[in-house]
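J.: model this:
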Amino acid sequence: MQTTQPTRRVVARRPAPRSTQDARAVELAQLQRRFRASYMILEKNEEAMSVRIEITPSDPDFPYELQALSLHIHIPAGYPAVRCSIQVTNPEISRGFARNLEKGFEQHQAAQSAHRTLVQEMAWLDNNMETLLQEPPAPTIRFVSNTVSKTPPPATMAPPAAVEKTSPPAATKHYALEEIQEAKVKREAEIRKLKAQFRNELSDISRDSMTTVLLIKLPLDANCLFKEELGGTINIEMEIPAHYPMDPCRIKIANALNLATWRAQSVEQGFANRSHASPATLFQQLNWLNTNLNALLDVPAPSNPAVIKTQAPPTTQTPPPSAHPIQSSGVEHHLDDSSRKDKKIYVERPLDPVPQAETPSLKVAGDDQDHSSDEASQQESDDDEISIKMASTSVSDTPQQVRSGTEIRFPDLRLENVALLRCARMFLMVKCNRCSNTVEVENIIPDQAAVDSASNGSEKHQRWLPCPTCSSLIGALFKGNYLHSNSITLGLLQLASCTPFDLLPSTYIATCTNCMEPHIPMKLTVHDQPKSTVCRNCHSKMSIGIPNSQFVRIGSGTGSKELRADPAVLQLKKKKQPKQELGLVVGQPLPHQGACEHYRKSRRWFRFSCCNRIYACDRCHDEKEDHKSELAKMHVCGFCSREFASSKSVCACGQEPGKYHAGTFWEGGEGTRNKKIMSRKDKHKYSSSPLKTSSKKQQRVGEAGKLAIKNKSKQEADKST
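T.: Residues are numbered from 1 along each chain as shown. Purely as a prediction, here's the structure:
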């Protein structure tokens, strides 16, 4: 018999995972899935492969206006043994900052001991993009062609003799690398100290590689002469250059809406001179500014009523003849590109009326003069329009009326994704000048047409009501204004026979920044948490916060001289009503124990808070008064005539005038519990009672029912037999 040899099993090796076989292909597939929308293969050969992706910043607070970071990734054939490299291709990113991103990525790869996939490396670049962009731009080399241009200069350029001599531009300062690094360390240290000193009053406006702008709110001293114009605090925008302290810093007053332009310029120029003259820390410079603020603001007004930032030579002078035509003789073309584009002329309102002056000739007439191009003529016409507006603004026939009243300001207004904010309906609490009683003035509709005027506004926007205590007639008129990032004034308030006390929750209308569509009216409260809402048009999130408010008096008085009540309104002022005599005696019951013709079973009278008078019920109040009744917070017991708060149910005499005892129902345990007098319609009358009848349904259904039917039929059969 032949025996069979046992078969020997061959142990199979576990297959190697695909990631260890070709890690490069696996990571490229992962990269393609991660950046599917922007993934593109640029070049592929045996030596290397280049792909293009776009990384969108995942940080919602990313400070730079960068939609996506465009990269070219060079992946060699020996990857991952040989590291990959990146190249930034965004046209809006300068080469110095692009080199910072590329160099930072290379240094990160060199510092890594363990291998990381391409997706993980791109995630690191996304998280550290802001840090790499904040570094100073890397030095780069630029090749400039030295080919001489053969194009002759344009014939419209004036010769050097005919052009007004201007100071040459300041030469660009160059610093050594050691000086720049030392200045950077000192600059960051001073900014940190400044933020620690002004923790609640300092906020960052913008930060880039060239300048850091900080908004600082300095409280004014008690002896400051310009508290009303500045609103109690001075908001300073401090521009700190990148090479500070080698380059001096500058300031700009942000809340200078009610301050004369020449006063604000005096403060800014004085701070600039101080910063140039003596080197000091940022905190020392702010301390000097706070000490010398009165001296910088209290400067005489300039002789020229129109203070223009871009000064032009007198238009009455005739320029000397020249062989080459010039652009204009009426207005000097020294406006830079930015001012020419914006066409903004800053003119201070004259303090006194200026006599009418002849309008200077602004056109360059002459057939012998020809313009170099249509562009020059267009610029000349634009400048003529600017000068005409300037002359019409600075010259007036009649003196302008000074605005007077009380401005409502929100110094710490917080607007997020809100372009404009205005008040649609205001609720205000004022204090009567005669009796010092506080009165609520409701539904004040702003007069938008009288925002910038000193007129009374239309009478329909005036709100008049008598004081409930002394019957003095109180009036209010609100001239609304728009709130935005550069305006904290809600509007001008003009009052008669009263002073503002507090701003109650009012109705506001916000305009979205993205779509510029007005939002539905919403109620906002001062000293409340910021309120968030969503735009109904573009669904953008908007947030509004009003931490505090200020009442700042403008001009002389509160604007009561501008308010004149209509004769029909004067009828609101009534004589003071005599004291109500009811003849109540404590210990004796009320007439009919408090019952009236409207409520026969009532056992109390009420003192209504609207007029502080006592009536038997609300209907009795409405019949004898000219206003609707409000909630009564006090009532009078019908058994003893004692007055006590409505929140208490039991009187001092032991009775409960607010409780109804004559009912015959359970009423949740508050009514009757006597089952003998309880109504038979109440389910509690027969609950748990032995007199209740038992149900006989079980005797009619089921097996018992079948048996009963069978017995009944059997009995009937016996009777028939």
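
J.: any low-confidence regions in the stretch 451-600 of the chain?
T.: 451-460, 556-581 (pLDDT under 70).

J.: ok, the chain next?
T.: In the chain, residues with pLDDT under 70: 1-21, 140-173, 222, 257-258, 303-403, 448-460, 556-581, 660-662, 692.

J.: can we see that at 50?
T.: 147-169, 305-400, 449-457, 575 (pLDDT under 50).

J.: break it into its domains for me.
T.: 18-133, 178-297, 405-572, 578-685 (automatic domain parsing).

J.: tell me the first helix or strand C-terminal of the helix or strand where residue 234 lies.
T.: Assigned by DSSP states H and E, residue 234 belongs to strand 233-241. Downstream of strand 233-241, the next assigned helix or strand under DSSP H and E is strand 250-253.

J.: note down every partner strand of that following strand and its orientation.
T.: strand 233-241 (antiparallel) (DSSP bridges).

J.: and the strand it pairs with, how far from the chain's centre?
T.: 20 Å (C-alpha atoms, centre = their mean, to the nearest Å).

J.: what does stretch 211-228 give?
T.: 21 Å.

J.: would you mind measuring the gap between the ends of it?
T.: Taking C-alpha to C-alpha, to the nearest Å, stretch 211-228 runs 32 Å from one end to the other.

J.: buried set for it?
T.: By neighbour count on 16 or more other C-beta atoms under 10 Å, the buried set for stretch 211-228 is 212, 214, 216-218, 220, 224, 226. Glycine gets a C-beta too; all of them are placed from N, C-alpha and C.

J.: contacts made by it with the rest, please.
T.: 191, 194, 198, 201-207, 230, 232-242, 254, 258-259, 263, 286, 289-290, 293-294, 297-298, 411-412, 552-554 (C-beta atoms under 8 Å, 6 or more residues apart in numbering).

J.: how about a cut-off of 6 Å?
T.: 198, 201-203, 205-206, 233-241, 290, 294, 297, 552 (C-beta atoms under 6 Å, 6 or more residues apart in numbering).

J.: what comes up buried for the strand ranked longest in the chain?
T.: Using DSSP state E, we find that the single longest strand of the chain is strand 418-432. Applying a neighbour-count criterion of 16+ other C-beta under 10 Å, one finds 418-423, 425-428, 430-432 buried in strand 418-432.

J.: related to what we said a few turns ago, and the strand holding residue 234, C-alpha only, in CSV?
T.: This file holds the C-alpha atoms of strand 233-241, laid out as CSV (Å, rounded to 0.1, in the frame of the first residue of the first chain):
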residue,chain,number,x,y,z
THR,A,233,-12.2,112.0,24.7
ILE,A,234,-9.7,112.6,21.9
ASN,A,235,-9.5,109.7,19.4
ILE,A,236,-6.0,109.6,17.9
GLU,A,237,-4.9,107.5,14.9
MET,A,238,-1.2,106.9,15.4
GLU,A,239,0.8,105.8,12.4
ILE,A,240,4.0,103.9,13.4
PRO,A,241,6.4,103.3,10.5
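
J.: give the buried residues for it.
T.: In strand 233-241, counting by 16+ other C-beta under 10 Å, buried: 233-236, 238-241.

J.: contact partners for the residue nearest to residue 589 when sequence neighbours are not counted?
T.: The shortest distance from residue 589 to any non-neighbouring residue, by C-beta to C-beta, 6 or more residues apart in numbering, is to residue 639 (5.3 Å). By C-beta under 6 Å, 6+ apart, the residues touching residue 639 are 589, 653, 655.

J.: I'd like to know how many residues surround the first one.
T.: For residue 589, the count of nearby residues is 16 (other C-beta atoms under 10 Å).

J.: show me where the chain has its helices.
T.: Using DSSP state H, the helices of the chain run over residues 18-21, 23-34, 95-111, 118-127, 129-133, 177-197, 227-230, 261-277, 282-291, 293-297, 337-342, 374-394, 618-624, 702-720.

J.: quick one, the second one and helix 118-127 angle?
T.: I take that to be helix 23-34. Between helix 23-34 and helix 118-127, the angle comes out at 50 degrees (axes from the mean of the first three to the mean of the last three C-alpha atoms, to 10 degrees).

J.: can you show me the CA trace of helix 23-34 as CSV?
T.: What follows is helix 23-34, C-alpha atoms only, in CSV (Å, rounded to 0.1, in the frame of the first residue of the first chain):
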residue,chain,number,x,y,z
ALA,A,23,4.4,57.1,-1.7
ARG,A,24,4.8,59.8,-4.3
ALA,A,25,1.8,58.7,-6.4
VAL,A,26,-0.4,58.2,-3.2
GLU,A,27,0.4,61.7,-1.9
LEU,A,28,-0.2,63.2,-5.3
ALA,A,29,-3.6,61.5,-5.4
GLN,A,30,-4.3,62.9,-1.9
LEU,A,31,-3.3,66.4,-3.0
GLN,A,32,-5.6,66.2,-6.0
ARG,A,33,-8.6,65.1,-3.9
ARG,A,34,-7.8,67.9,-1.4
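
J.: give the other helices and strands that it contacts.
T.: Counting contacts by 3 or more C-beta pairs under 6 Å, 6 or more residues apart in numbering; DSSP states H and E, helix 23-34 is packed against helix 118-127.

J.: what's the helix it packs on in contact with?
T.: By C-beta under 6 Å, 6+ apart, helix 118-127 touches 27, 30-31, 34, 55, 58, 105.

J.: pick the one among the residues you listed closest to residue 691.
T.: Among the contacts of helix 118-127, residue 58 lies closest to residue 691 (C-beta to C-beta), at 77.8 Å.

J.: how many neighbours does the closest one have?
T.: 10.

J.: please apply the same query to the one 4 residues further on.
T.: The number of residues packed around residue 62, counting by other C-beta under 10 Å, is 14.

J.: enumerate every residue touching it.
T.: Taking C-beta under 6 Å, 6+ apart as the test, residue 62 contacts no residue whatsoever.

J.: I'd guessed residue 494 sits against residue 479; true?
T.: No. Contact status for residue 494 versus residue 479: not in contact, 7.4 Å apart, counting by C-beta atoms under 6 Å.

J.: sorry, back to before: so the residue nearest to residue 589 versus residue 650, what's the distance?
T.: 12 Å (C-beta to C-beta, to the nearest Å).

J.: same deal with residue 93?
T.: Taken as C-beta to C-beta, the span from residue 93 to residue 650 is 79 Å.

J.: between those two, who's got more neighbours?
T.: residue 93 (19 against 13).
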